[in-house]
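J.: give me a model of this one.
(chains A and B)
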Number of protein chains: 2
Amino acid sequence: MNIYVIGIGLIGGSLALGIQKAYASCTIYGIDSNENHLQEALDLGIIHEKATLKELKNADVVIVAVPVNVALELTLEVLNSIQENTLVFDVGSTKVDICKAIEKHKNRRNFLATHPIAGTEFSGPKAATSTLYQEKTNIICEVEKTAFKLQEKALELFSALGMRIRYMDAKSHDKHIAYVSHLSHISAFMLGKTVIEKEKNERDIFDMAGSGFASTVRLAKSSPAMWTPIFEQNRENIMETLEEYILNLIHFKELLQDARFTEIYQEMENTNYIKQILNGILVEETN
Amino acid sequence: MNIYVIGIGLIGGSLALGIQKAYASCTIYGIDSNENHLQEALDLGIIHEKATLKELKNADVVIVAVPVNVALELTLEVLNSIQENTLVFDVGSTKVDICKAIEKHKNRRNFLATHPIAGTEFSGPKAATSTLYQEKTNIICEVEKTAFKLQEKALELFSALGMRIRYMDAKSHDKHIAYVSHLSHISAFMLGKTVIEKEKNERDIFDMAGSGFASTVRLAKSSPAMWTPIFEQNRENIMETLEEYILNLIHFKELLQDARFTEIYQEMENTNYIKQILNGILVEETN
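T.: Next comes the predicted model:
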């Protein structure tokens, strides 16, 4: 089986490593606009060979793991270059725009829109691990538009990587992911910004920061090149979540201002309900 | 050595376990207003004996590990009951109010104001671990107001627990800790609230949440009973940090609104500087 991974950073590289582990006889071809990353991926054994977009006619599977803005045109180009039985899937954090970009393509049925909910705040091939996707959720959108045989091929591959599958329409995906992923990133980035602005001249002060701060601000280490296009594509939904978040913060500040501590207690107690929700998320606690 | 720990939850219980490990011959007496917690602490071997405030005259060390509002009066009561060579220290997350509460007490020199920067989002004796304080920072305020011999005794104890020490005036402590700890908690609580409000009728949606969300919202599991009085005592500083955080979020929302994505990229890239800061914080990454 010939697998072409386009974009061999954290996400694509981890898929490559996971697939290598699951399919001993596959060959992983890497394609990346960053020649240093490509060489690094080869040196690290993440890919077996370097390749270019011109070779995609040899592909059984093509994985598009590039920033979501780049993915739009690139996926069209990929769909132009493949054979009848090639499976193409993307792994981007937004699904409406990619589904729209390729909806009229003659090879639409070769494409599957997916979003594996997995990642870390690190980036590049060095950050890739073969176990990134184990026991993680993969959201598949518009499954009915993909050829049945290629659905099967994809599901087998995701199952081999240890993922569980959920089906969702692209619009719902983008709306909900704004809450449970995109907003967290903005919240962390702005927390980091606020603290850096205030404390930049007092680096010692960060000795005061504990694991609580580290955990809350962790996502502020994420790659701007990956996240800017996500924010761009999911702008409407994100603005709505951000508006609600800001209103909740303003309300909390008013409660503080007016010394309404019984209500502050109540706000926190109600939100402790998040414990039950998080029990469903497989994550190693930091403490 | 007779150690009396008042409040045997996560913080006090972890101190008790750490001290037991470091001093084989000590006896740990537990005092708690919650009889269930006290019994649990005894059953778990966190304390050797249950005790009451009336027995403090036997104490070599008294640790005040209760919510910061309770600590104010309680520490006065403790200082009324001790012997000449008893060390009393608190471990609260605010330092101005406690230092002020006891400043005129005749036994002021028996008291040391401390804030070990360690904790988790869990609470109660079951959450206690002997290693919570290892390689963590302990901030000591107004050290010059504590008797020299009792300073020594305290430093020996903190050293045995594996902590590093920083000295700071109480006002600076409260100002900086608002940024690097208190604001993170509010940020997490309001993120949790925003998502729960939106998604409460769609529990399935939380399958979409990954470890990034879990990490950012983790502190929203924290105890309202512990945190409400902290917010109360550090209200002025927290309101200032919250104001700056809200303004940064509003600015980010405006950038989104106006589709100014180059600036959004720049905001994130500047904040990536948090990586270098976090390298100084000893924390296990969640990924």
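J.: going forward, measure contacts and count neighbours with C-alpha atoms only.
T.: OK.
J.: and the closest residue to chain B within the stretch 101-250 of chain A, what does it touch?
T.: Nearest residue of the stretch 101-250 of chain A to chain B: A:T216, at 4.2 Å (C-alpha to the nearest C-alpha). Counting by C-alpha atoms under 8 Å, 6 or more residues apart in numbering or on different chains, A:T216 makes contact with A:188, B:184, B:188, B:215-219.
J.: let's see it at 10 Å
T.: Contacts for A:T216 (C-alpha atoms under 10 Å, 6 or more residues apart in numbering or on different chains) come out as A:184-185, A:187-189, A:191-192, B:181, B:183-185, B:187-188, B:212-220.
J.: also A:Y23?
T.: For A:Y23, the contacting residues are A:1, A:157, A:160-161, by C-alpha under 10 Å, 6+ apart.
J.: one more pass at 8 Å, please.
T.: So A:Y23 contacts nothing (C-alpha under 8 Å, 6+ apart).
J.: same check on the one 4 residues further on?
T.: For A:T27, the residues meeting the contact criterion (C-alpha under 8 Å, 6+ apart) are A:1-3, A:20, A:47-49.
J.: likewise A:Y179?
T.: A:238, A:241, B:195.
J.: neighbour-wise, which of those leads?
T.: Within the contacts of A:Y179, neighbour counts (other C-alpha atoms under 10 Å in any protein chain shown) peak at A:I238, which reaches 26 neighbours.
J.: if we can go back for a sec, out of the contacts of A:Y179, which sit inside strands?
T.: Among the contacts of A:Y179, no member falls in strands (DSSP state E).
J.: next, count neighbours for A:R260.
T.: A:R260 is flanked by 13 other residues according to other C-alpha under 10 Å.
J.: tell me the buried residues in the longest helix along chain A?
T.: Longest helix of chain A, by residue count under DSSP state H: helix A:235-257. Residues of helix A:235-257 classed as buried: A:235-239, A:241-242, A:244-246, A:248-250, A:252-253, A:256 (neighbour count, 16 or more other C-alpha atoms under 10 Å in any protein chain shown).
J.: do the same with stretch A:127-147
T.: For stretch A:127-147, by 16+ other C-alpha under 10 Å, it's A:128-130, A:132-134, A:136-143, A:145-147.
J.: ok, and of those residues, which contact chain B?
T.: A:136-137, A:139 (C-alpha under 8 Å from any C-alpha of the partner chain).
J.: secondary structure for these - can I get that in CSV?
T.: Output for these, formatted as CSV (DSSP: H, G, I helix; E, B strand; the rest coil):
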residue, secondary structure
A:K136, coil
A:T137, strand
A:I139, strand
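J.: state the distance from the nearest residue to A:I31 once chain neighbours are set aside to B:G162.
T.: Once flanking residues are discounted, A:I31 sits nearest to A:I6: 4.6 Å by C-alpha to C-alpha, 6 or more residues apart in numbering or on different chains. Remark: distance between A:I6 and B:G162 (C-alpha to C-alpha, to the nearest Å) = 48 Å.
J.: can you check A:T27 too?
T.: With C-alpha to C-alpha as the criterion, A:T27 and B:G162 are 50 Å apart.
J.: same question, A:L17
T.: From A:L17 to B:G162 the distance is 39 Å (C-alpha to C-alpha).
J.: please enumerate the helices of the stretch 101-250 of chain A.
T.: A:148-160, A:170-177, A:183-199, A:211-217, A:224-233, A:235-257 (DSSP state H, counting those that start in this stretch).
J.: format the ones you listed as CSV; extra columns: mean pLDDT.
T.: CSV is the format used below for the helices of the stretch 101-250 of chain A (pLDDT from 0 to 100):
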stretch, mean pLDDT
helix A:148-160, 98
helix A:170-177, 95
helix A:183-199, 93
helix A:211-217, 90
helix A:224-233, 96
helix A:235-257, 97
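J.: can I get the ones you listed in JSON lines with distance to A:N36?
T.: Shown next, in JSON lines, are the helices of the stretch 101-250 of chain A (distance: least, C-alpha to C-alpha, whole Å):
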{"stretch": "helix A:148-160", "distance to A:N36": "28"}
{"stretch": "helix A:170-177", "distance to A:N36": "32"}
{"stretch": "helix A:183-199", "distance to A:N36": "28"}
{"stretch": "helix A:211-217", "distance to A:N36": "29"}
{"stretch": "helix A:224-233", "distance to A:N36": "17"}
{"stretch": "helix A:235-257", "distance to A:N36": "32"}
